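**Q** give me a model of this one.
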Amino acid sequence: MRTSLLTVLALAVALQLSACGLFDNRKDDTAGWSAQRLYSEAKDQMGSGNYAKAVEYLEKLEARYPYGRYAQQAQIEIAYAYYKDGDRASAIAAADRFIKLYPNHPNVDYAYYLKGLVNFNENRGFLTALTSPDMTDRDPKASREAFFAFKEVVTRFPESKYAKDSAERMRYLVNALAAHEVHVARYYMKRGAYVAAANRAQYAVKNYPQAPTTEEAVYILVLAYDELGMTQLRDDANRVMTTNFPNSKYLQPGGYERTAPWWRIWDPNW
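**A** The predicted structure is shown next:
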């Protein structure tokens, strides 16, 4: 009797699962579509702002026609669709995949440029948050990755139609990254962490020497070394300061000697 009950129960479960499977087996409206139609429909969806649907069509195109002439273009279109849909990680992964698979493709410059754009726009919050009281928790990683992606375009594809815009964005990013380092150095100075302040200021001077904030970074070095009692380094930094920025607003009459605390010289509102 027990065996019969178990058998009946097993059959019931099997029938239920089978029914669920039949229920989920919905019709694919794209069955039989050509690669051209899938690509065309995906482009139409992107034009309408329906990027998720565009990705769906493009992924089907790749799966069904992996060696067709639309397959390569579909991959770079997928990266763009993910980018427009706000999926940063998937966009970068798709662009990286395209670069790896087709390093000599005529549109590989666009893949690098798109990577730069994704990271550039991802980091807009960081770029506009430089006035935050605590800068140590800001991560400029996205800006650095954007910079290197744009650099690939400029150096490897100087004739690319994306080269000019990439170069302009690189200049912007250099200034933003330098400003970030100086803001962090200022934060450390204000809290008496002079070694950390000197390290961040030195990094800014070394890596972004042409940035507008270099003047302030050198001045921080003078102040930090003075607080640390490192007189030789202080005097060296002060010579750099007075030689390169003789009219700097950070300098007081008499060179290095100051009559007011550094934070008052820096910002009267502090």
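
**Q** so Tyr67: helix, strand or coil?
**A** Secondary structure for Tyr67, judged by DSSP: H, G, I helix; E, B strand; the rest coil, is coil.

**Q** distance check, it against Tyr57.
**A** Tyr67 sits 18 Å away from Tyr57, going by C-beta to C-beta, to the nearest Å. (Glycine included, C-beta is placed from N, CA and C.)

**Q** buried residues, the host helix or strand of Asn199. List them.
**A** Take DSSP states H and E as the rule and Asn199 turns out to sit in helix 194-207. Neighbour-count burial for helix 194-207, with 16 or more other C-beta atoms under 10 Å as criterion, is recorded at 194, 196-205.

**Q** now do stretch 102-121
**A** Buried-residue list, stretch 102-121, by 16+ other C-beta under 10 Å: 105, 108-120.

**Q** kindly report the same for stretch 227-247.
**A** For stretch 227-247, by 16+ other C-beta under 10 Å, it's 227, 230, 233-234, 237-238, 240-241, 245.

**Q** repeat that for stretch 148-162.
**A** Quick answer for stretch 148-162 (16+ other C-beta under 10 Å): 149-154, 157, 160, 162.

**Q** let me know the average pLDDT across the helix or strand hosting Ala93.
**A** Taking DSSP H and E as the criterion, Ala93 maps to helix 88-101. Averaged across helix 88-101, the pLDDT comes to 95.

**Q** could you tell me how far that helix lies from the centre of the chain?
**A** Taking C-alpha atoms, centre = their mean, to the nearest Å, one finds the center of helix 88-101 at 13 Å from the center of the full chain.

**Q** low-scoring stretches of this protein, by residue?
**A** 1-26, 123-139, 252-270 (pLDDT under 70).

**Q** can you pull out the helices in the stretch 101-250 of the chain?
**A** 108-122, 124-127, 141-156, 163-190, 194-207, 214-227, 231-244 (DSSP state H, counting those that start in this stretch).

**Q** mind giving me the packing neighbours of the fourth one?
**A** When you say that, I think you mean helix 163-190. Using 3 or more C-beta pairs under 8 Å, 6 or more residues apart in numbering; DSSP states H and E as the contact test, the elements touching helix 163-190 are helix 108-122, helix 124-127, helix 141-156, helix 194-207, helix 214-227, helix 262-266.

**Q** now do it and helix 194-207, the angle between them.
**A** Comparing the axes of helix 163-190 and helix 194-207 via axes from the mean of the first three to the mean of the last three C-alpha atoms, to 10 degrees yields an angle of 160 degrees.

**Q** just to revisit the earlier point, now the two most distant members of the buried residues of stretch 102-121.
**A** Pairwise distances across the buried residues of stretch 102-121 peak at 22.3 Å for His105 and Phe120 (criterion: C-beta to C-beta).

**Q** for Ala179, which non-adjacent residue is closest in space?
**A** The shortest distance from Ala179 to any non-neighbouring residue, by C-beta to C-beta, 6 or more residues apart in numbering, is to Thr213 (5.1 Å).
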